[in-house]
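Engineer: 3D, please:
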Amino acid sequence: MNKKIIYGIIGIILLLMLIHIEIILNRHYAPETVLIRINAPDGLPETNATCFADISSNQINSDNKPLENLEEIYDFVDKTKYVIDDNGKGYYLLETGFSNYQDEFEIRVVCYSPGFKGVSYTIINNTNANCELKDNGRFLVC
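Structural biologist: Residues are numbered from 1 along each chain as shown. Below you'll find the predicted structure:
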């Protein structure tokens with residue numbers, strides 16, 4: 001076979017691989033795990049809040065799903081990979097139940113501090129996520 005034909009075929013294969021990779025990287029999935037950080041009115045981490053989430057989507061619909069209070073974020077993330085400047089306190093874990101979900105979704109999280117001195121309300125959806133993806137998209141920190 002002619003070298004030009006072989007190089008052309010290799011070039012086409014590489015181009016198709018790059019297009020495929022770009023398509024995969026631009027997909028936006030609903031988070032499978034969300035970590036919410038709650039601050040008390042004085043700005044310190046709130047460690048005794050009660051948090052619930054409402055999840056709405058075509059895959060999952062759940063009301064008043066409780067969030068797990070983490071003693072510290074390092075109960076969930078690797079201490080050697082992440083350095084948290086606030087000692088990792090005040091984080092709450094939500095396992096959403098999503099799995100490779102790409103359609104519209106909405107997660108509403110409400111947290112109440114002890115004695116209802118403060119209320120925190122967070123909305124996460126496919127167009128509004130004021131959060132940070134961590135660990136190659138494995139979880140979302142808000």
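
Engineer: can you pull out the helices in the chain?
Structural biologist: Ranges of helices in the chain, per DSSP state H, are 3-25.

Engineer: for it, what are the low-confidence residue spans?
Structural biologist: Confidence mapping of the chain against pLDDT under 70 gives the ranges 1, 23-28, 82-86, 116-118, 128-130, 132-140.

Engineer: what ranges do the strands span in it?
Structural biologist: Listed in chain order, the strands of the chain (DSSP state E) span 33-37, 50-57, 61-66, 68-69, 91-95, 105-112, 119-125, 132-134, 139-141.

Engineer: can you put the ones you listed in CSV and add mean neighbour count and distance to residue 9?
Structural biologist: C-beta: built from backbone N, CA, C; applies to glycine. Output for those, formatted as CSV (neighbours: other C-beta atoms under 10 Å; distance: least, C-beta to C-beta, whole Å):
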stretch, mean neighbour count, distance to residue 9
strand 33-37, 21, 43
strand 50-57, 18, 43
strand 61-66, 12, 49
strand 68-69, 15, 53
strand 91-95, 22, 46
strand 105-112, 19, 42
strand 119-125, 16, 44
strand 132-134, 13, 37
strand 139-141, 20, 41
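
Engineer: closest to residue 15 out of these?
Structural biologist: strand 132-134 (28.4 Å; C-beta to C-beta).

Engineer: report the beta-bridge partners for residue 50.
Structural biologist: For residue 50, the beta-bridge partners under DSSP bridges are residue 112.

Engineer: my read: it touches residue 115, true?
Structural biologist: No. Counting by C-beta atoms under 8 Å, residue 50 stays clear of residue 115, with 10.9 Å between them.
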